[in-house]
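*Asks:* Starting from these lines, generate the structure:
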Amino acid sequence: MTLPQRRSVVLMLPGTGAQHPRMATGLYGHEPVFTEAVDEVLGLLGAEGRAARADWLAAEPEVPMEADVRSAPLLFAVNYAMARLVEGWGVRPDAYLGHSMGEFTAAVLAGVFTLEDAVRLLWDRVGLQRSTPAGGMLAVAAAPQDLASYVGGGVVVAAVNAPRHTVLSGPDGPLEAVARRLAADGRTFRRLASRTPYHSPALAPLVAPAQALVRRLRLSPPRTPLYSAYTGGLLTADEAVDPGFWAAQPVTPVMFRPTLDRVLAAEDRVLVEAGPSQSLTVLARGHEAVRSGRSVVVATLPPRALGPGEDRRCVREARERLLAHSGRLPLDLPAS
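*Replies:* Sure thing, here's the model as predicted:
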């Protein structure tokens, strides 16, 4: 019998833009660990959580997923629940890597925040965002240096996801002007599913009140290594307990690709995306360490809503691939 190659497991948590209507709903009520985790998160929000769950499960939601009052708590809940589901298979991640809001979820899993404090802070941020200008983000198939002439007037580079995958962010007016210029110049881009200009100066008014909120919370150094896409490396104990670090994230660019470089340079990995849309899976598949076969990527959910059966099939396949690539999953654990 040939034993599977042992690779360390890194759980990846996606951020804003990964959410979509009916994401992972095929697992709710079918996977007990997933269901319990979703209910735990949304239960902390009381009536607001119940309304979010109802819209998530509805064929025609009253409030669309793009609205912050839906995208923030539901994406957090699905990410957290998928991570708990994977861990429930017997997988113990060697490290976590989040993208944007996904780093916040990763911080809970790594033990920096309690779940209760994280959900409270998340919802307080949603309330603060109501006072900021409407805006959004554009994913552009270009390197950051190729977009220098498009940046300005409130529009900034919000994320560097891959060598030719850059996200621009800003208020609606300036961002629409940039979109028209990109289209006229023949550049490939798409608008992300968000109505908020994350990782741009437009959210600067949130930093001071958010810092005051975080100061009231108990923060701890991570129990499990946590890679920060804001610093490009492992989160230090000092950074983890610094309220200013967490408060500044809405205006700080996400450097996902440089951070992924660090993750994959350390050792061979199994990268597991615990969340919807496979956005981080696609980015990681393009990395040389993955294309060469040294490291592998496993998605736990479909790229879009394809029905309950596809949600469940993807989860079963993810479990099987984790066993094949990490050698850590218990052989006697029944598949879903």
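
*Asks:* all helices of this structure, in order?
*Replies:* Using DSSP state H, the helices of the chain run over 32-43, 46-57, 68-88, 101-109, 115-129, 172-184, 207-215, 237-240, 243-247, 256-266, 279-285, 288-291, 308-326.

*Asks:* can you give me the angle the first one makes with helix 115-129?
*Replies:* This points to helix 32-43. 50 degrees (axes from the mean of the first three to the mean of the last three CA atoms, to 10 degrees).

*Asks:* mind showing which ranges of the stretch 101-250 of the chain have poor pLDDT?
*Replies:* Under the criterion of pLDDT under 70, none of the stretch 101-250 of the chain is flagged as low confidence.

*Asks:* what do you get if the cut-off is 90, keeping everything else the same?
*Replies:* Flagging of the stretch 101-250 of the chain using pLDDT under 90 yields the residue ranges 129-133, 193-195.

*Asks:* Return the most buried member of the helices of the chain.
*Replies:* With neighbours taken as mean count of other CB atoms under 10 Å, these reach their highest mean count in helix 101-109, at a mean of 26. Where you see a C-beta, it was placed from the backbone N, CA and C, and this is true even at glycine.

*Asks:* List the contacts of that helix.
*Replies:* For helix 101-109, the external contacting residues (CB atoms under 8 Å, 6 or more residues apart in numbering) are 11-16, 18, 72, 75-76, 79-80, 83, 93, 96-98, 113-115, 118, 121-122, 222, 224, 226, 228-230, 240, 246, 249, 275, 280.

*Asks:* Distance from the chain centre to it, please.
*Replies:* Centroid separation between helix 101-109 and its chain, computed with CA atoms, centre = their mean, to the nearest Å, is 8 Å.

*Asks:* Alpha carbons only: can I get that helix in CSV?
*Replies:* Provided in CSV are the C-alpha atoms of helix 101-109 (Å, rounded to 0.1, in the frame of the first residue of the first chain):
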residue,chain,number,x,y,z
MET,A,101,-12.8,39.8,5.7
GLY,A,102,-11.6,36.2,5.5
GLU,A,103,-8.7,37.2,7.7
PHE,A,104,-11.1,38.2,10.3
THR,A,105,-12.7,34.7,10.2
ALA,A,106,-9.2,33.2,10.2
ALA,A,107,-8.4,35.2,13.3
VAL,A,108,-11.3,33.5,15.2
LEU,A,109,-10.2,30.1,14.1
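
*Asks:* relative to helix 115-129, how tilted is it?
*Replies:* Angular relation of helix 101-109 and helix 115-129 on a 0 to 180 degree scale: 150 degrees, by the same axes, to 10 degrees.

*Asks:* For the residue nearest to the spatial centre of the chain, give me its contacts.
*Replies:* When the chain is reduced to its mean C-alpha position, the nearest residue by CA atoms, centre = their mean turns out to be P14, at 1.9 Å. By CB under 8 Å, 6+ apart, the contact list for P14 reads 75, 79, 98-100, 102, 273, 275-277, 279-280.
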